[in-house]
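> Sequence first, then the predicted structure, then my questions.
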Amino acid sequence: MQATAVPSPNVVVGMTFREIVAYVKNLSATSGPAVATLFVLGFIFCLNGDSVNTQRIYEAEEDKPAEEPCPMPEDGAGKKGEEADPDSVDLGDTKTWPKPPVDGEVKEGEPSRSKPKSRGEKSLYDEDGGEWRVHKPDKFHPKMHWDYNPHDNLSSSWEDIPME
């Protein structure tokens, strides 16, 4: 009996439903129905895990009191699109941040990424659910900029937005 590895369900991230169906049919034809079945079960398990985790997040949010819009500083920093002095920006205190280049209000929240969360850093969320984080200068980014993720789909990626 030949061992066949079951591909990770992550291979279908970003595919349309028709592309996923074609992928599973091809997997069944090339590796056998057992491998295709295990793949589909793994895919369903991943989806269920995401939905269970999302439900836990929503339930935790319901228990919190309603948040007020994040007050932006009145002094020099805080005007939309204005660059702040990197030394005056505390990644754990959004009151020290300039205002992101977005219309409408922003609310402070926990970062979606685990590393900034573990360091006690914060994120700002716009009215459309987009996440904004200040990225201070480092060896790869000589100028401070915004890290922005629109969170508009499961595989949305981070973008560097210049602070003008």
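Perfect, I can see it now.
> check contacts around Gly92.
119-122 (Cβ atoms under 8 Å, 6 or more residues apart in numbering). For the C-beta atoms, the positions are set from N, CA and C on the backbone; glycine is no exception.
> how about JSON lines for these, with pLDDT, neighbour count and distance to Ala34 added?
JSON lines is the format used below for the contacts of Gly92 (pLDDT from 0 to 100; neighbours: other Cβ atoms under 10 Å; distance: Cβ to Cβ, whole Å):
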{"residue": "Arg119", "pLDDT": "93", "neighbour count": "10", "distance to Ala34": "44"}
{"residue": "Gly120", "pLDDT": "94", "neighbour count": "12", "distance to Ala34": "47"}
{"residue": "Glu121", "pLDDT": "94", "neighbour count": "18", "distance to Ala34": "45"}
{"residue": "Lys122", "pLDDT": "96", "neighbour count": "20", "distance to Ala34": "47"}
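> What separation is there between Asp90 and Thr37?
Distance of Asp90 to Thr37, given as Cβ to Cβ, to the nearest Å: 51 Å.
> And for Glu127?
Using Cβ to Cβ, one gets 43 Å for the distance from Glu127 to Thr37.
> Ok, Asn149 next?
From Asn149 to Thr37 the distance is 34 Å (Cβ to Cβ).
> More neighbours: those two, which one.
Asn149 (18 against 14; other Cβ atoms under 10 Å).
> Can you report phi and psi for the more buried one?
phi -130, psi 120 (degrees, to the nearest 10).
> pretty sure it contacts Ser112?
Yes - Asn149 is within contact range of Ser112, at 7.0 Å (criterion: Cβ atoms under 8 Å).
> what residues are shared contacts of the two?
Common neighbours of Asn149 and Ser112 (Cβ under 8 Å, 6+ apart) are Glu131.
> For the contacts of Gly92, give me CSV that also has secondary structure and distance to Lys99.
Conversion of these to CSV gives the following (DSSP: H, G, I helix; E, B strand; the rest coil; distance: Cβ to Cβ, whole Å):
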residue, secondary structure, distance to Lys99
Arg119, coil, 22
Gly120, coil, 22
Glu121, coil, 18
Lys122, coil, 14
